[in-house]
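Undergrad: Provide a 3D model corresponding to the input given below.
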Amino acid sequence: MTGEKWIIQTDDEEWMKRYEKAKAADMTPLGIEPTAQFGVFSGRHGIYNTYPNKCNCYDNAGSQRPCKHRLRLAMELGLLDGEYSSDINAVKYPKDAAVVTKLMYVDSETGEAFNERPVPVGALNGYTVVITGEFDGFSRNELTAIIVRAGGKVSSSVSKRTSCLVVGDNPGSKLMKAHELGIPTYTLSDFLSIAGVCKEM
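TA: Below you'll find the predicted structure:
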């Protein structure tokens, strides 16, 4: 599905749902390189690098149907018929990356630009962290940013895949769940110290 005209799969309900989503204004790409048939989209999980035959978004992984990013790119490239809305102001930019020339993004601290989203390198690579409770001097978003910058992932719920639970004041039911599953729990100061993460991050 790279250079040939796409056929709308009207008999496939899930395909059509994605097709309708692809036409919305908030699906406007950040940029397109027609020669390479490459597009960049912004979503809630970050930047999506998209070609007609592949995309690094969650919906495309393991699915036989094209994701909404691939469908929208196909429309933009003239491979698929569709009347779509275009509004760059409707696109939600990720907080941790600034788009450069609408095809790349740059580290806000170093100024280094990347064609692909850089994988964080840090003490928390491979760790899935859950946060519960209130923390003096830190908002939930600030703690999430600290963990992500150190290479970790933040989850909203405790499961067997959780690496550890960071516990603040007035923790909720997540603490009990962590104890039931034998998940390590840490105060914020202990967690930052063990992970080698500085508060200034």
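Undergrad: Identify the residue spatially nearest to the residue nearest in space to the middle of the chain, adjacent ones excluded.
TA: Centrality entry for the chain: nearest residue to the mean C-alpha point is residue 45, 1.5 Å, by CA atoms, centre = their mean. Using CB to CB, 6 or more residues apart in numbering and skipping the chain neighbours, the partner closest in space to residue 45 is residue 58 (6.7 Å). Where C-beta positions appear, they are placed from N, C-alpha and C, glycine not excepted.
Undergrad: Shouldn't that neighbour be within a helix?
TA: No - checked against DSSP: H, G, I helix; E, B strand; the rest coil, residue 58 lies outside a helix; its state is coil.
Undergrad: tally of neighbours for it?
TA: If you count neighbours by other CB atoms under 10 Å, residue 58 ends up with 13.
Undergrad: Distance check, it against residue 68.
TA: From residue 58 across to residue 68, the span is 11 Å (CB to CB, to the nearest Å).
Undergrad: would you list every one of the strands in this protein?
TA: Here the chain has its strands, by DSSP state E, at 31-33, 38-43, 46-51, 54-55, 98-100, 104-106, 113-114, 128-132, 153-155, 164-167, 185-187.
Undergrad: Any idea which of those gets closest to residue 9?
TA: Nearest of the strands of the chain to residue 9, taken as CB to CB: strand 54-55 at 17.1 Å.
Undergrad: Give the pairing partners of that closest one; include direction for each.
TA: Sheet partners assigned to strand 54-55 using DSSP bridges are listed as strand 46-51 (antiparallel).
Undergrad: between the partner strand and strand 38-43, how many degrees?
TA: Interaxial angle, strand 46-51 versus strand 38-43 (axes from the mean of the first three to the mean of the last three CA atoms, to 10 degrees): 150 degrees.
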